[in-house]
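> Model the structure of this input:
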Amino acid sequence: MNLKQAYGGTALTVQVVNSVAELRKLAPDYRRLHEAVDNTSPFALLEWHIAWSSHFMNLDPHIEDRLTVLVVRNAEGACVAVVPFVFSRRNFGPFTVVSGELLGADPSTTESRGPLVEPGYEIPVVRAVRRRLYQERDWAWIHWAGVSGTLSDALTVDGDLEMQPEAPGYVIDLPSTWADFRRGLKRNIRESLRHCYNSLERDGHRFEFEVAREPGDVRRAVDRFLELHRRRAAMSGTIEHADHFVSQVSRRFLYAVCQELAVRGSVRVFQLRIADDIVASRIGFVIGDTLYFYYSGFDPTWAKYGVMTTTVAEALKYAIYHGLKAANLSRGTDPSKTRWGPRVVAFAGAMEQRRRLSSRIAYSCYRIASSGKFLPGWISRPLGRARRAWS
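Have a look, this model is predicted:
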């Protein structure tokens with residue numbers, strides 16, 4: 001279904017894609033748009049969207065998910081935006097509630113969900129997308145999550161939104177040499193690095209740094225990563241870290257997306273080997289000129305040597321050696337990121353409600369159910385399943 005609109009002299013066509021099979025046909029449009037946007041996020045790649053849609057939709061029998069990817073083209077037919085949504089229908093009693101959110105609402109495997117919009121098209125794209133969405137009469141609210149910069153500003157131009165701050169992201173701008181980078185670090189991280197390397201040498205341990213990037217090597221590296229990630233999460237007496245791949249579907253998704261991105265040449269699994277054993281691992285994605293640091297894991301018996309810090313340092317050396325310009329430390333604030341002296345990237349979320357009484361009542365009930373406050377079970381259970389039965 002297409003809708004042609006003109007905003008400020010910019011004629012846009014909105015195409016709606018509702019299946020993974022149709023999504024695969026958009027590969028040329030994704031390639032064109034990634035170049036135009038200079039995208040550095042693995043979560044905006046076609047491979048990520050396909051793997052997510054294939055693994056995380058319709059897992060809960062009480063929620064019906066519908067893939068709705070809006071592809072926006074200019075008058076020449078060039079793709080200027082991909083805005084991927086999932087609309088979810090919840091049934092309870094005689095009532096039905098439909099809500100939409102940007103693709104990637106999973107238990108932490110997708111860390112950023114902002115759509116791809118070519119610079120300069122933000123306002124006309126938002127208007128065209130919003131106009132198309134309002135042709136659908138069933139949804140009560142839409143959650144715009146993980147938007148930043150000019151796109152966040154564009155959302156507020158015409159919309160009646162409830163803005164929500166989100167966890168910031170952290171990016172290191174890399175110089176041309178490791179020596180230059182190390183000189184720019186604060187004293188505490190320089191001392192930490194010195195301890196990590198010296199303590200291993202002092203106790204007679206030699207490490208090897210390995211990078212898995214070929215599909216077969218990546219598969220084996222993910223095996224070990226999952227074991228180390230699980231062991232790290234089970235540690236006590238330290239900062240708590242969740243096991244983000246505790247469910248079978250999350251593990252299947254990780255294997256699938258890493259295999260697809262390995263074929264693309266974008267996966268790097270950084271591994272620290274000591275005495276013939278991998279003791280620390282971190283998954284990374286090279287997108288454009290940026291290394292994105294994904295999740296990590298390590299053997300707790302080697303924790304006193306700071307093997308995870310050493311792994312990150314060696315990965316940064318790798319990025320600098322290969323001419324990358326930035327390292328994205330991902331979303332969320334903790335000392336393991338801020339001590340490297342990164343710059344902060346702000347993200348925002350926004351809730352957009354339908355301007356009708358039934359939608360506002362449904363959204364109010366959803367907020368109460370999500371907050372844990374009292375509502376009758378027949379209302380709170382369906383509405384409160386914001387993250388579904390992922391296992």
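> Okay, His34 and Ala27: tell me how far apart.
Look at His34 and Ala27: by C-beta to C-beta, to the nearest Å, they are 11 Å apart. Just so you know, the C-beta spots here come from the backbone N, C-alpha and C atoms, and that holds for glycine as well.
> tell me the domain boundaries of this protein?
With domains defined by automatic domain parsing, the chain comprises 2-166+347-384, 170-345.
> Just send those back as a markdown table, with mean neighbour count and mean pLDDT too.
Converted to a markdown table, the domains of the chain look like this (neighbours: other C-beta atoms under 10 Å; pLDDT from 0 to 100):
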| stretch | mean neighbour count | mean pLDDT |
| --- | --- | --- |
| domain 2-166+347-384 | 17 | 86 |
| domain 170-345 | 17 | 96 |
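> Confirm for me that Thr333 is in contact with Arg339.
No: the criterion here is C-beta atoms under 8 Å, and Thr333 misses it with Arg339 at 11.4 Å.
> where exactly do the helices run in the stretch 51-200 of the chain?
Remark: helices assigned in the stretch 51-200 of the chain by DSSP state H, counting those that start in this stretch are 122-133, 149-158, 178-183, 187-202.
> Please produce TSV containing those, extended by distance to Leu103.
Shown next, in TSV, are the helices of the stretch 51-200 of the chain (distance: least, C-beta to C-beta, whole Å):
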stretch	distance to Leu103
helix 122-133	14
helix 149-158	15
helix 178-183	35
helix 187-202	36
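> Quick check: which helices or strands does the strand or helix carrying Asp223 pack against?
Using DSSP states H and E, Asp223 maps to helix 215-233. In terms of contacts (3 or more C-beta pairs under 8 Å, 6 or more residues apart in numbering; DSSP states H and E), helix 215-233 is packed against strand 207-212, helix 248-264, strand 267-274, strand 277-287, strand 290-298.
> Okay, angle between that helix and strand 207-212 too, please.
Angle of helix 215-233 versus strand 207-212, following axes from the mean of the first three to the mean of the last three C-alpha atoms, to 10 degrees, is 120 degrees.
> Any idea what Gln271 is bridged to?
Glu210, Ser281 (DSSP bridges).
> give the contact list for it.
209-212, 221, 224, 278, 280-281, 311 (C-beta atoms under 8 Å, 6 or more residues apart in numbering).
> Please apply the same query to Ser19.
Shown in contact with Ser19 (C-beta under 8 Å, 6+ apart): Leu67.
> do Thr311 as well
Contacts of Thr311 (C-beta under 8 Å, 6+ apart): 209, 270-272, 280-282, 296, 298.
> What of Arg32?
Here Arg32 is in contact with 78-79 (C-beta under 8 Å, 6+ apart).
> That one is in what secondary structure piece?
helix 27-37.
> what's the angle from that helix to strand 277-287?
80 degrees.
> Would you tell me which strand is longest in this protein?
Of all segments of type strand in the chain, defined using DSSP state E, the longest is strand 79-92.
> what's the distance between Pro84 and Ala140?
20 Å.
> Leaving out the residues flanking it, which one is nearest to Ile354?
Quick fix: residue 354 reads Arg, not Ile. Spatial nearest neighbour of Arg354, chain neighbours left out: Ala140 (5.5 Å); criterion: C-beta to C-beta, 6 or more residues apart in numbering.
> From Ala234, how far out is that neighbour?
Taking C-beta to C-beta as the measure, Ala140 falls 40 Å from Ala234.
> same deal with Asp160?
Counting by C-beta to C-beta - Asp160 and Ala234 are separated by 46 Å.
> shouldn't Arg89 be in contact with Phe95?
No: counting by C-beta under 8 Å, Arg89 stays clear of Phe95, with 11.1 Å between them.
> what residues are up against Glu101?
85-86, 88, 113, 142-143, 145.
> Need phi/psi at the closest residue to Cys196 other than its chain neighbours.
Distance criterion C-beta to C-beta, 6+ apart; nearest residue to Cys196, sequence neighbours excluded, is Gly306 at 3.8 Å. In terms of degrees, to the nearest 10, the main-chain angles of Gly306 are phi 60, psi 40.
> I'd assumed Ser199 was in contact with Gly306.
Yes: the pair Gly306 / Ser199 is scored as a contact, 7.4 Å apart, by C-beta under 8 Å.
> how close does Ser364 get to Tyr305?
Counting by C-beta to C-beta, the gap from Ser364 to Tyr305 is 52 Å.
> Actually, Tyr292.
26 Å.
> likewise Ile189?
From Ile189 to Tyr305 the distance is 16 Å (C-beta to C-beta).
> same question, Val126
50 Å.
> Equivalent analysis for Gly297, please.
In terms of C-beta to C-beta, Gly297 sits 15 Å off from Tyr305.
> residue contacts, the nearest residue to Val345 once chain neighbours are set aside?
Nearest non-adjacent residue to Val345, counting by C-beta to C-beta, 6+ apart: Gly169, 4.0 Å away. By C-beta under 8 Å, 6+ apart, the contact set of Gly169 is 112, 328-331, 344-345, 347.
> Tell me the bridge partners for Gly169.
Arg331, Val345.
> Need the per-residue pLDDT for it.
Gly169 is assigned a pLDDT of 93 by the prediction.
> Pull up the gap between it and Ala145, please.
13 Å.
> show me the contacts for Val80.
Val80 neighbours (C-beta under 8 Å, 6+ apart): 12, 33, 36, 72-74, 117-118, 121, 125.
> Report the two of the residues you listed separated the most.
Maximum pairwise distance in those, criterion C-beta to C-beta, is 14.9 Å, between Leu12 and Ala36.
> Using CSV, lay out the contacts of Val80 together with distance to Leu316.
Listed next are these as CSV, based on distance: C-beta to C-beta, whole Å:
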residue, distance to Leu316
Leu12, 41
Leu33, 29
Ala36, 29
Val72, 37
Arg73, 39
Asn74, 39
Val117, 30
Glu118, 31
Tyr121, 34
Val125, 35
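> what's the closest of the residues you listed to Glu47?
Glu47 lies nearest to Leu33 out of the contacts of Val80, by C-beta to C-beta, at 14.2 Å.
> Hmm, Glu118 and the closest one touching each other?
Yes: with contacts defined as C-beta under 8 Å, Leu33 counts as touching Glu118 at a distance of 6.6 Å.
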